[in-house]
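*Asks:* let me see the structure of the following:
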Amino acid sequence: MVLVKKEKISLEKFIKLLRKEGKTMKIGLVKANFPGERRVPLLPKDIKDFKNEILVEEGFGKFLDIDDQEYIDKGCHILSRAEVFAESEAIFSLKLIQPTDYSHLREGQMIIGWTHPFGSGQSFMKEQALPKKLIVVDLDSNSPCIYYENEIFESGIPKGLLYKNSFYAGYAGVIDALLQYGFIPTEETKIAILGSGNVAQGAFSSISKYSSNIRMYYRKTMSIFKENYTKYDIIINGIEIGKDDDPILSLSEQKSLKKGTLIIDVAADAGNTIEGTHFTSMDDPIYENDGKYYYVVPNTPSLIYRNVSQELSKILSENIFRKDCSRFIEKVKPLNK
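*Replies:* The predicted model follows:
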C-alpha cells in the first residue's frame, strides 16, 4: 500500500497512484481519548461493502462489549494505536485529536471527525493542521467542510447528517443536569429554552416530560427573553454564538437572576452565549457562582453512548466509510496542480 509518509508527492499524484494500483485508502479508527467519551462510531454489524481498508485500534469496541475478533471477522485489521496512526492515510477520530497524539500525525494525513476548527479545535488547526498540511474533514452538522492550507472546500457530505447527535446532546444533557442538581421540575417551575435547533429540540423533548411550563426563545424573539429572564428558575441554552458576538446573558444580567437559578448550557458554548462561564466535566458537572448554578458539560451525547453509537455507526458507514475517502482529496486537488 502506498503511504503518504514514505514519499512526499502531491495529492493529485497520490490519487492517481491509488487508482493505477487499484488500491483503496487505509482509514484508521482510534479510540477517542477525549474525557468522558464512550461512543463507538463503527459497529461490526454495519461493515459491508466498504471501499476503504479499515484499521482499528485494539479494544476499539470495549465500551459496547465488542471483541476485536468481531472486527477481524468483518475484514478489519487490529493494530496498536501507534500502528494505526503510522499505517493509515486517513484517521477517523470522533472527537478532537488530543495533544498526546500530535507526535503520531504526519504531513499530508487526512483527519475525519468533529474537529471544531473555529471553536475548541483552533489550537489544533494552528499547531498541527497547518504546519503538517493535514486534510481536515470536519463533520459539523450544519456545514461539513474540508480545511486544507487556510482554504475551505465543500466536502460533499450532506448537511444535517448527524442531527440526531445534536438532539441527544440536548436531551441527555438536560437529564444529567437535573439529576446532578437534585431536582425534577414541576408545573410551578418556570423554564426557558434558548434556540430552535436540534440541541434545543432535544432539550425540550427531555424536560417537557416533567413540566409544560416552558417558553422557547428563538434568535428573533430574544428581546422578549431579555425582558423576562429574571423570572425563570431554569434557563437552558441551545445556541452557539461564537466568540465574536455579544452574549445573550451578560455577567451583569446574571447578577439579576434569582438565587438558585440553574443554567444548563447543552450547547456547551462556554464563555460565549452565557458570558463568563467555563466548561465543566462529567465528573464535576455543576459549579456555583453568586448563588446561581451552571452546567456546561461538553460531549453530552456520550452520556447515552449505547443509543448514540447505533445511530452514528449506521450513518457514518453509509456516508463515510463505505465510500472511497480519496474523494475528499480530490476536493482540494486544485491547490496541488
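*Asks:* what about residue 214, distance to residue 245?
*Replies:* 25 Å (C-beta to C-beta, to the nearest Å). Placement of C-beta: from N, CA and C, glycine included.
*Asks:* counting neighbours, go ahead and name the busier of these two.
*Replies:* Each of residue 214 and residue 245 has its neighbours counted (other C-beta atoms under 10 Å); residue 214 has more, 19 against 11.
*Asks:* between the two ends of stretch 134-148, how far is it?
*Replies:* In stretch 134-148, first residue to last residue: 6 Å (C-alpha to C-alpha, to the nearest Å).
*Asks:* got it, and stretch 276-283?
*Replies:* Distance between the two ends of stretch 276-283: 21 Å, counting by C-alpha to C-alpha.
*Asks:* could you pull out the buried residues of it?
*Replies:* If you call a residue buried by 16 or more other C-beta atoms under 10 Å, then stretch 276-283 has these buried ones: 277, 280, 282.
*Asks:* quick one: low-confidence ranges for the chain?
*Replies:* Within the chain, the ranges that satisfy pLDDT under 70 run 1-23, 242-244, 333-337.
*Asks:* so what are the domain limits for it?
*Replies:* Domain segmentation of the chain under automatic domain parsing yields 4-161+305-336, 163-298.
*Asks:* following the longest helix that the chain contains, which helix or strand shows up next?
*Replies:* Longest helix in the chain, counting residues (DSSP state H): helix 163-181. Per DSSP states H and E, helix 163-181 leads on to strand 191-194 as the next helix or strand towards the C-terminus.
*Asks:* send me that following strand as PDB with only the CA atoms.
*Replies:* Taking only C-alpha atoms (Å, rounded to 0.1, in the frame of the first residue of the first chain), the coordinates of strand 191-194 have been written out as PDB:
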ATOM      1  CA  ILE A 191     -38.300  27.200  32.300                       C
ATOM      2  CA  ALA A 192     -36.800  29.000  29.300                       C
ATOM      3  CA  ILE A 193     -35.100  27.300  26.400                       C
ATOM      4  CA  LEU A 194     -32.900  29.400  24.100                       C
END
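*Asks:* so how far is that strand from its chain's centroid?
*Replies:* Using C-alpha atoms, centre = their mean, to the nearest Å, the distance from the centre of strand 191-194 to the centre of the chain it belongs to is 23 Å.
*Asks:* against which helices or strands is the following helix or strand past that strand packed?
*Replies:* Downstream of strand 191-194, the next assigned helix or strand under DSSP H and E is helix 198-207. Here helix 198-207 touches helix 163-181, strand 191-194, strand 214-217, strand 234-237, going by 3 or more C-beta pairs under 8 Å, 6 or more residues apart in numbering; DSSP states H and E.
*Asks:* name the residues that touch helix 198-207?
*Replies:* 141, 163-164, 166-175, 178, 185, 191, 193-194, 214, 216, 234, 236, 238-239, 264, 266-267 (C-beta atoms under 8 Å, 6 or more residues apart in numbering).
*Asks:* and the helices in the protein?
*Replies:* Using DSSP H, the helices of the chain run over 11-21, 68-72, 81-87, 122-124, 163-181, 198-207, 222-228, 251-254, 305-316, 326-331.
*Asks:* so which elements touch the last one?
*Replies:* Just to be clear, that refers to helix 326-331. On a contact count with 3+ C-beta pairs under 8 Å, 6+ apart, helix 326-331 meets helix 11-21, strand 110-113, strand 135-138.
*Asks:* okay, the last one in PDB with CA atoms only?
*Replies:* Taking Å, rounded to 0.1, in the frame of the first residue of the first chain, the C-alpha atoms of strand 135-138 are listed here in PDB:
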ATOM      1  CA  ILE A 135      -6.600  17.500   5.200                       C
ATOM      2  CA  VAL A 136      -9.200  18.100   7.900                       C
ATOM      3  CA  VAL A 137     -12.700  16.800   7.100                       C
ATOM      4  CA  ASP A 138     -14.900  18.400   9.700                       C
END
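*Asks:* so in that sheet, which strands flank that strand, and in what orientation?
*Replies:* strand 110-113 (parallel), strand 145-148 (antiparallel) (DSSP bridges).
*Asks:* first to last residue in stretch 183-190, what's the distance?
*Replies:* First residue to last in stretch 183-190 (C-alpha to C-alpha) measures 13 Å.
*Asks:* can you pull out the residues in contact with that stretch?
*Replies:* Contacts of stretch 183-190 (C-beta under 8 Å, 6+ apart): 178, 191, 207, 210-213, 231-234, 262.
*Asks:* and if you look at stretch 144-158?
*Replies:* So stretch 144-158 is contacted by 115, 117, 125, 129-130, 133-139, 159, 161, 319-320, 327-328, 331-332, 335 (C-beta under 8 Å, 6+ apart).
*Asks:* in the stretch 1-150 of the chain, which spans are strands?
*Replies:* For the stretch 1-150 of the chain, applying DSSP state E, counting those that start in this stretch gives strands covering 26-29, 53-57, 77-79, 90-92, 110-113, 135-138, 145-148.
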